[in-house]
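# next comes the sequence, and after it the predicted model I'd like to discuss.
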Amino acid sequence: MTRFSLLENMMLVRCRFPRISQIIATIAALWFAGCKPADTSANPSTSPSVQTMRVQDAELEAQSFIGTYQTRRTIPLGPSQAGRIATIKVINGQYVHQGDVLITLENRLLLESVAQAQGEVDAARADAKQAASTLRRSKGLDVAGGISSGTLEERAALAETAQGKYRASLAALHQAQIQLAEADIRAPENGWVIGVSGVAGRLEDAGTEVLRLAAGEPDIHIKVPARSHLKVGDAAEVTDQSDQHAQFVHATVRELSPIDETSQMQDVYIRPDHSLPVPLGSLVTVALAPPVQPHAVRVPLTALISDDQNHAHLWSLTEDKTPQLVQTSVIIIGLRGADALVGGLKPQTQIVTSGADSLQAGEHVHISSITSER
């Protein structure tokens with residue numbers, strides 16, 4: 001039966017049998033409805049199922065790291081000549097000033113050498129003075145004809161030889177004094193003693209390290225994730241990790257090293273406003289101010305698809321009855337365990353928390369579960 005013949009019969013029945021016509025009209029309406037095109041909206045049974053959550057404003061707290069209080073340079077010190085250690089005048093961790101005596105070697109023989117050299121200088125000085133005086137008197141006699149010219153030349157040579165011996169004795173005395181001074185191992189600059197390997201009474205060869213000095217202003221060295229967004233000049237607070245009641249010391253980020261591509265970590269050097277009351281090598285706690293970023297939210301790392309070191313994107317959802325996927329770019333501010341702090345995402349935005357790699361923009365999805373808010 002065609003639709004046209006069906007309409008003709010309906011008109012005929014409506015005139016003769018009104019009640020039957022109502023029944024036929026209802027059947028016809030249902031038949032026509034079955035001929036309409038199928039609904040093109042998404043079928044929940046074929047749409048991808050996703051887990052979602054609604055993000056909230058994240059309170060950015062100070063980032064805390066454990067660092068080492070240290071200097072950037074160390075200086076090994078040892079005797080410049082072989083000798084036996086007589087006295088060690090410093091202890092490990094002690095602060096010393098440039099020129100301070102740190103270790104002394106036995107110097108009895110050196111003192112004797114200096115005394116002998118001094119005696120030779122005194123004798124040579126007297127001989128040179130006597131020869132010069134004799135030459136001076138001889139020159140007067142030569143003019144008067146009292147001595148021959150050959151005798152005068154001989155006395156001039158003796159005076160010159162005596163002067164040469166005097167200069168040589170002075171050089172020997174100077175060398176003996178240098179060797180005596182080298183029996184004292186002194187601090188070449190201000191710093192901290194960080195290692196004493198010498199032992200009193202032990203014979204040490206020339207150049208053997210007996211003490212190590214940390215020189216220069218001390219810094220605090222920490223390692224931070226590459227996404228910490230630190231910059232030179234950022235403020236920090238430092239406290240002694242071993243003392244829960246220690247007061248903090250203000251500090252400033254002084255230097256940032258390049259990011260290690262393998263570990264994605266970065267070395268940071270922080271300079272306290274003044275020296276810390278702890279030995280070099282001590283562990284300290286460093287609190288760094290959080291980055292200034294409005295509307296930072298916390299999202300699971302599984303929701304992110306990385307674009308580069310500091311940028312990523314994720315899937316947010318429309319608020320339709322059948323949600324659609326929207327690709328949303330975010331800035332990675334930092335990491336918090338299994339989560340990331342990101343900017344560029346409004347609070348209350350619904351996002352997909354996992355399986356992001358297999359989804360496509362504009363795709364309808366079925367929400368299988370909603371996780372707790374971050």
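Here it is on my side, so go on.
# domains in this protein, by residue range?
Domain assignment of the chain by automatic domain parsing yields the ranges 3-33, 49-59+294-370, 63-71+215-288, 107-182.
# got any ranges where the stretch 1-150 of the chain has weak pLDDT?
Scanning the stretch 1-150 of the chain for pLDDT under 70 picks out 1-45, 60-61, 140-146.
# please, where are all the strands along it?
Here the stretch 1-150 of the chain has its strands, by DSSP state E, counting those that start in this stretch, at 49-54, 63-70, 73-77, 83-88, 95-96, 101-105.
# those: which one's closest to residue 239?
In terms of C-beta to C-beta, the element of these nearest to residue 239 is strand 63-70, at 9.8 Å. Any C-beta I mention is one placed from the backbone N, CA and C, and that applies to glycine too.
# for the closest one, which outside residues touch it?
214, 218-224, 228, 238, 241, 270, 276, 278-288, 290, 334 (C-beta atoms under 8 Å, 6 or more residues apart in numbering).
# check contacts around residue 179.
81, 110, 113.
# nearest to residue 94, of the domains of the chain?
Comparing the domains of the chain by C-beta to C-beta, domain 63-71+215-288 comes nearest, at 9.3 Å.
# measure the closest one end to end?
5 Å (C-alpha to C-alpha, to the nearest Å).
# these two touch, right, residue 289 and residue 230?
No: using C-beta atoms under 8 Å, residue 289 is not in contact with residue 230; the gap is 9.6 Å.
# and these two? Which one has more around it.
residue 230 (20 against 15; other C-beta atoms under 10 Å).
# tell me the SS of that one?
coil (DSSP: H, G, I helix; E, B strand; the rest coil).
# any idea which of the domains of the chain gets closest to residue 205?
domain 107-182 (14.0 Å).
# from the contact counts, what lies against the strand ranked longest in the chain?
Longest strand in the chain, counting residues (DSSP state E): strand 325-336. Applying 3 or more C-beta pairs under 8 Å, 6 or more residues apart in numbering; DSSP states H and E, we find strand 325-336 packed against strand 311-317, strand 339-343.
# for the last one, which outside residues touch it?
Counting contacts by C-beta under 8 Å, 6+ apart, the residues outside strand 339-343 that touch it are 58, 60, 293-301, 304, 312, 330-335, 374.
# among those residues, name the buried ones.
The neighbour count (16 or more other C-beta atoms under 10 Å) marks 58, 60, 293, 296-301, 304, 312, 330-334, 374 as buried among the contacts of strand 339-343.
# any chance of JSON lines for the contacts of residue 179, columns neighbour count and distance to residue 127?
Shown next, in JSON lines, are those (neighbours: other C-beta atoms under 10 Å; distance: C-beta to C-beta, whole Å):
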{"residue": "81", "neighbour count": "13", "distance to residue 127": "31"}
{"residue": "110", "neighbour count": "20", "distance to residue 127": "26"}
{"residue": "113", "neighbour count": "18", "distance to residue 127": "21"}
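# just the residues you listed now: which is nearest residue 135?
residue 113 (32.5 Å).
# I figured the closest one hits residue 176, correct?
Yes: counting by C-beta under 8 Å, residue 176 is a contact partner of residue 113 at 4.5 Å.
# now residue 130. Nearest residue, chain neighbours left out?
residue 162 (7.4 Å; C-beta to C-beta, 6 or more residues apart in numbering).
# ignore the last one, residue 195
Counting by C-beta to C-beta, 6+ apart, the residue nearest residue 195 is residue 212, at 3.9 Å.
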